[in-house]
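>>> Sequence and predicted structure are below.
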Amino acid sequence: MEKPIDVSLHAADRLIEAAQAAGVALTVVSQHRFDEGLVELKRLLGDGALGPLVLGEASTKWYRSQAYYDSAAWRGTHAMDGGSLMNQGIHYVDLLRWCMGPVAEITAVCSTLAHQIEAEDTSLAIVRFSSGAVGTISSSTAAFPGFPQRLEITGTEGTVTVEDGQIVRRAFGADAGLATPAGSGAGHHAAPVPGSDPGSLDVASHAAQIADLLAAVDGGREPAVTGQGAREALEIVCAVYESSRTGRTVTLGR
């Protein structure tokens, strides 16, 4: 099913339980885990190339017009959509959690600054991970004209930066102060990108996730992206919303 798994943890839990009771495979679209750059980043993390992790940053600075929200009654609503973080930013929230590990606490602010919608169009969160590392999550659909989604993971031995699924910079050890581009350079984002054009999404990573689901069904194993994995990303988004609403730090995993 498409992301998010749902807009509430209660609904997500019901779905996960129903799939388990029925004995069927459940996966939630998190296609960016299958992006070339993320596959390589996870390999580097698994090899310990970055050393102990200290900082993770996930940024979604996209632009959506008011016409986008007006195109369907459910868009931008709390009950059926959520705002920029729940709809657009959750992909890189998922990647941040996937790379950095469990989240311990979140402090956040959310605002609706450029659209007539119920939910937020801009949010910012400070994250403390269970490991002790820290991070940030930013998301907006008011950032004209729209920019690549960005994930940066920093450890004591290096940093890797990913933009729209491609590694654009990696630096390790003694070379940590040197920029070493890994993509095609300045022209990499010359074509339309999802940050400004929802129709420009590449389908290769979606296809890879669907192939994984089919292989999981055939092999009797869990998909690479499970319902529980999707719930973890949703829990972070819900904690951002709760922190913004209450003005307090929210502890996860209670």
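Received it, and whenever you're ready, just let me know what you need.
>>> Make sure residue 90 is actually in contact with residue 5.
No - distance between residue 90 and residue 5: 9.6 Å, which falls outside the contact criterion (C-beta atoms under 8 Å). Any C-beta I mention is one placed from the backbone N, CA and C, and that applies to glycine too.
>>> list residues touching both of the two?
Residues touching both residue 90 and residue 5 by C-beta atoms under 8 Å, 6 or more residues apart in numbering: residue 234.
>>> Poorly predicted segments of this structure, please.
Filtered on pLDDT under 70, the chain yields the residue ranges 174-196, 198-201, 254.
>>> which one is the one residue sitting closest to the centre of it nearest to, not counting chain neighbours?
Most central residue of the chain, judged by C-alpha distance to the mean C-alpha position with C-alpha atoms, centre = their mean, is residue 92 at 1.9 Å. Once flanking residues are discounted, residue 92 sits nearest to residue 58: 4.1 Å by C-beta to C-beta, 6 or more residues apart in numbering.
>>> What about that neighbour, how many residues nearby?
By other C-beta atoms under 10 Å, 29 other residues sit near residue 58.
>>> Can you give me every residue that contacts it?
Listed by C-beta under 8 Å, 6+ apart, the contact set of residue 58 reads 89, 92, 93, 95, 96, 135, 136, 137, 138, 150, 151.
>>> what does residue 209 give?
Contacts for residue 209 (C-beta under 8 Å, 6+ apart) come out as 27, 29, 30, 31, 33, 34, 223, 224, 225.
>>> Go through those and say which is closest to residue 158.
Nearest to residue 158 among the contacts of residue 209 is residue 33, at 21.1 Å by C-beta to C-beta.
>>> before we move on, back to that, what's the closest of the contacts of residue 209 to residue 105?
Using C-beta to C-beta, residue 30 is the member of these that lies nearest residue 105, at 23.2 Å.
>>> check contacts around that closest one.
Neighbouring residues of residue 30 by C-beta under 8 Å, 6+ apart: 3, 91, 94, 209, 225, 229, 230, 233.
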